[in-house]
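Visitor: Whatever this is, show me its structure:
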Amino acid sequence: METGVQQAQISESKFQEEQFLIGEAHDGWRLDMCVAALVPSISRSTAQKLIEADRVLVDGRKRARGYRVAAGMTVKVSIPEAPAKRELTPSAGELNIIYEDDDILALNKRPGLVVHPGAGNQSGTLVNQLIASGRTFSTLGGPDRPGLVHRLDKETSGVILIAKSNAVHEGLARQFKDRQVDKKYLAVVLGPSIADHGEIVSDFGRRPGDRRQFTGKVSSNRKAITRYETLARTSLVALVVAQPLTGRTHQIRVHLSELGHPIIGDRVYGRAYPRPGSRPESEAASLRQMTRHALHAWSVAFTHPITGQRLEITAPLPRDFKHLITAVFPGMLHLCS
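Guide: This is a model prediction of the structure:
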């Protein structure tokens with residue numbers, strides 16, 4: 001319960017206004033959690049106090065702490081004491097650029113690279129590498145997420161889009177919100193019995209009992225939709241293209257796992273590898289060499305916010321995924337080019 005002293009501390013503080021555009025990464029989040037994520041200098045409890053003191057507005061309106069924000073919304077936060085902005089430390093690293101113009105940067109993120117700073121990862125992230133590049137990026141994602149319109153899990157490789165200006169960021173975020181961005185992921189999943197194609201539709205939320213995981217088996221006002229097509233099969237696994245129509249955290253991994261076909265190497269959402277003794281042994285051995293989940297953000301298609309041109313950007317497979325395709329699906333080697 002808030003005390004009179006705590007409310008007084010908020011009301012007597014000096015404030016600095018910050019405005020954020022909600023992107024795909026925070027779509028469906030509780031307002032208090034979203035504010036705490038966007039403003040690293042404040043805790044969730046402080047965010048709740050600011051909300052209750054009417055210091056947080058969503059599209060110009062007051063909302064409760066449990067209100068669910070959506071991509072494309074604008075959140076204005078009056079931050080107490082105008083805290084000094086923490087400088088991000090540049091980190092050397094190859095950006096692996098696959099497309100660049102005056103407005104957009106598209107990178108092929110390597111597996112194992114954290115996208116933005118957070119608890120335990122204040123340096124060495126993709127954002128730290130972006131800062132080191134000397135380029136200018138949008139500021140709508142907050143001080144720790146310059147240019148980031150969306151994100152990828154640490155172990156997921158592939159295409160990630162970076163906006164160089166706020167106008168471009170707004171244009172791309174609007175397309176993500178309106179489902180005008182076509183995303184394709186390659187995944188290797190356990191079990192050859194997966195259908196030739198299908199669509200998975202579910203509610204989506206955090207798993208009861210483990211807030212770090214997500215599930216499609218909860219009652220929620222957040223929907224998740226994933227389409228998939230099977231490209232090839234063996235006696236143990238299948239190669240699929242997954243197309244998420246929504247952008248929930250871990251969505252593809254959760255949906256395929258709960259369909260009964262977890263992604264190879266995913267130790268969080270299912271059996272990571274074939275059971276011991278599975279045959280052919282050579283194939284099982286090749287699958288066990290994939291030490292992270294076999295998921296690659298293969299392509300992203302969108303309309304350029306400035307030129308109006310429709311672009312499709314494809315990310316070449318990283319070395320570990322190439323090796324897996326070569327060993328298990330030799331008939332699909334064209335994917336490695």
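Visitor: Output the helix or strand hosting Ile79 in PDB, but only the C-alpha positions, please.
Guide: Under the criterion of DSSP states H and E, Ile79 resides in strand 74-80. Provided in PDB are the C-alpha atoms of strand 74-80 (Å, rounded to 0.1, in the frame of the first residue of the first chain):
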ATOM      1  CA  THR A  74       2.800   6.600 -27.300                       C
ATOM      2  CA  VAL A  75       3.700   6.600 -23.700                       C
ATOM      3  CA  LYS A  76       4.700   9.800 -22.000                       C
ATOM      4  CA  VAL A  77       6.500   9.500 -18.700                       C
ATOM      5  CA  SER A  78       7.300  12.300 -16.300                       C
ATOM      6  CA  ILE A  79      10.500  11.000 -14.700                       C
ATOM      7  CA  PRO A  80      11.400  12.400 -11.200                       C
END
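Visitor: Identify the residues contacting it?
Guide: Outside strand 74-80, the residues within contact range by CB atoms under 8 Å, 6 or more residues apart in numbering are 10, 13-22, 31, 34-35, 38-39, 41-42, 46, 50, 55-60, 69. C-beta here means a position set from N, CA and C on the backbone, and glycine is covered the same way.
Visitor: go with 10 Å
Guide: Contact with strand 74-80 is made by 9-22, 26, 31, 34-35, 38-39, 41-42, 46-47, 49-51, 53-60, 63, 69, 140, 142, 170, as judged by CB atoms under 10 Å, 6 or more residues apart in numbering.
Visitor: thought Asn166 was touching Val149?
Guide: No: if you go by CB atoms under 10 Å, Asn166 and Val149 don't touch, sitting 11.2 Å apart.
Visitor: ok, those two, which is more surrounded?
Guide: Val149 (28 against 15; other CB atoms under 10 Å).
Visitor: which residues does the closest residue to that one other than its chain neighbours contact?
Guide: Leaving aside its chain neighbours, Val149 sits nearest to Leu172 (4.6 Å; criterion: CB to CB, 6 or more residues apart in numbering). By CB under 10 Å, 6+ apart, the contact set of Leu172 is 23-24, 103-104, 138, 149-150, 161-163, 180-181, 300, 302-305.
Visitor: Quickly list what's touching both of Asn166 and Val149.
Guide: 21, 138, 140-141.
Visitor: Most neighbours of all those residues, which one?
Guide: Using other CB under 10 Å as the neighbour criterion, Gly141 leads the shared contacts of Asn166 and Val149 with 27 neighbours.
Visitor: does it count as helix, strand or coil?
Guide: Of the three states, Gly141 takes coil under DSSP: H, G, I helix; E, B strand; the rest coil.
Visitor: and the residue nearest to it when sequence neighbours are not counted, how many neighbours does it have?
Guide: The shortest distance from Gly141 to any non-neighbouring residue, by CB to CB, 6+ apart, is to Leu148 (4.7 Å). By the criterion of other CB under 10 Å, Leu148 has 25 neighbours.
Visitor: next one: Ser133
Guide: Ser133 has 15 nearby residues by other CB under 10 Å.
Visitor: Skipping its backbone neighbours, what lies nearest it in space?
Guide: Counting by CB to CB, 6+ apart, Leu95 is the residue found nearest to Ser133 once chain neighbours are left out, at 6.2 Å.
Visitor: Report the contact partners of the most centrally placed residue in the chain.
Guide: With distances taken as CA atoms, centre = their mean, Arg151 lies nearest the centre of the chain, 3.3 Å away. Residues near Arg151 by CB under 10 Å, 6+ apart: 23-26, 109, 114-116, 126, 141, 145, 160, 247, 249.
Visitor: Name the nearest of the residues you listed relative to Leu333.
Guide: In terms of CB to CB, no member of these lies closer to Leu333 than Lys109, at 23.1 Å.
Visitor: Wait, that closest one touches Leu130, no?
Guide: No: using CB under 10 Å, Lys109 is not in contact with Leu130; the gap is 11.4 Å.
Visitor: just checking, what's the longest helix in the protein?
Guide: When the chain is parsed with DSSP state H, its longest helix is helix 166-177.
Visitor: and the helix or strand hosting Ile51, which residues are buried?
Guide: If you go by DSSP H and E, Ile51 is part of helix 44-52. Residues of helix 44-52 classed as buried: 46-52 (neighbour count, 16 or more other CB atoms under 10 Å).
Visitor: How about stretch 211-219?
Guide: For stretch 211-219, burial by neighbour count (16+ other CB under 10 Å) applies to 214-216.
Visitor: How about stretch 219-238?
Guide: Neighbour count says stretch 219-238 has 220, 222, 224-228, 230, 232-233, 236-238 buried, by 16+ other CB under 10 Å.
Visitor: nearest residue to Ala167 other than its sequence neighbours?
Guide: Pro305 (6.9 Å).
Visitor: ah, wrong one, I meant Gln129
Guide: Nearest non-adjacent residue to Gln129, counting by CB to CB, 6+ apart: Gly93, 4.1 Å away.
Visitor: Now for the one you found: which residues touch it?
Guide: Counted by CB under 10 Å, 6+ apart, Gly93 has contacts 110, 113, 124-126, 128-130, 132-133.
Visitor: pLDDT weak spots in the stretch 101-250 of the chain?
Guide: 119-122 (pLDDT under 70).
Visitor: and if we set it to 80?
Guide: By pLDDT under 80, the low-scoring segments of the stretch 101-250 of the chain are 117-124.
Visitor: I appreciate the help and will end here.
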